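Enquirer: missing the sequence, but the structure's below:
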Ligand SMILES: CC(=O)[C@@H](O)[C@H](O)COP(=O)(O)O
């Protein structure tokens, strides 16, 4: 199971907390998923005192680790300020750092992300950067002090899955000792299983569960998928090959 900044996490599934049809469905989806971490947007929590308090109580009852995020921030300055507020409000040094650089794709802004990550690491934050699979960016983030990397699978909310398997595989090979989490863009459990088969430590998702017709069932599906993928990764999978190879011995056939 993953270890993030020295903390053991009991599950490879991390879930967002937005867009659920109701708080009760959110709670049940979390329970059924076994997710160990909930990511929470500061803007939602601070949006209204009463709604915020009820939401906070619900998250506390789930007994999961809270990962505040800077969702919706479009500059390093905005993200750093949001992270500082989140630290006070949630009493944690953890921050999922999002600095969005592109309106259509919600692609992370690599320059703003690195600037904000360096600043926050220097201030003692434990940063989970939402990044692209760019190797150079990821190297810089690690040099800045990030001990976890969270490359996107596909743009947030698209459900497209793993858009760049090659890039994600390269990242795993380059950073064998850094926990890697595929964050965003997953639509189906099979895509989460694929991320695990690539040797990733965890996946973070929101829309695929929250917007499913049956979020609770989908949460269960993702839970099983990450377990299956992680088991497969540990089981030394066979190498794919181009030529057929009979799996049933020919010895004993009537006609050879
Ligand atoms: C909740 C959160 O942090 C999102 O920004 C995250 O990246 C999930 O993306 P999906 O909704 O595509 O799963």
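Expert: The structure has been received and is ready for your questions. Quick caveat: nothing in here was measured; it's all calculated off a predicted structure.
Enquirer: And the pLDDT at the single nearest residue of the stretch 1-150 of the chain relative to the ligand?
Expert: Nearest to the ligand in the stretch 1-150 of the chain, going by CB to the nearest ligand atom, is residue 16, at a distance of 2.8 Å. Every residue, glycine included, has its C-beta placed from N, CA and C. Here the pLDDT value assigned to residue 16 is 96.
Enquirer: For the helix or strand hosting residue 171, name the packing helices and strands.
Expert: With elements taken from DSSP states H and E, the one containing residue 171 is helix 165-174. With contacts defined as 3 or more CB pairs under 8 Å, 6 or more residues apart in numbering; DSSP states H and E, helix 165-174 has these neighbours: helix 135-144, strand 150-151.
Enquirer: Throw these into CSV and include distance to residue 215 and mean pLDDT, thanks.
Expert: Below are the helices and strands packed on helix 165-174 laid out as CSV (distance: least, CB to CB, whole Å; pLDDT from 0 to 100):
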stretch, distance to residue 215, mean pLDDT
helix 135-144, 32, 98
strand 150-151, 22, 98
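Enquirer: looking at these, which is buried most?
Expert: Between those, the one whose residues have the most neighbours on average, counting mean count of other CB atoms under 10 Å, is strand 150-151 (a mean of 26).
Enquirer: strands paired with it, and their directions?
Expert: Strands flanking strand 150-151 in the sheet, each with its direction: strand 126-131 (parallel) (DSSP bridges).
Enquirer: What are the contacting residues of the partner strand?
Expert: Outside of strand 126-131, the residues that reach it under the criterion CB atoms under 8 Å, 6 or more residues apart in numbering are 4-5, 67, 69, 93-98, 108, 110, 113, 117, 120-121, 137-138, 141, 145-152, 181, 183-184.
Enquirer: got the contact list for residue 180?
Expert: If a contact means CB under 8 Å, 6+ apart, then residue 180 has 148-151, 171-172, 199-201 as its contacts.
Enquirer: same deal with residue 9?
Expert: Contacts of residue 9 were listed using CB under 8 Å, 6+ apart, and they are 1-3, 36-37, 65, 202.
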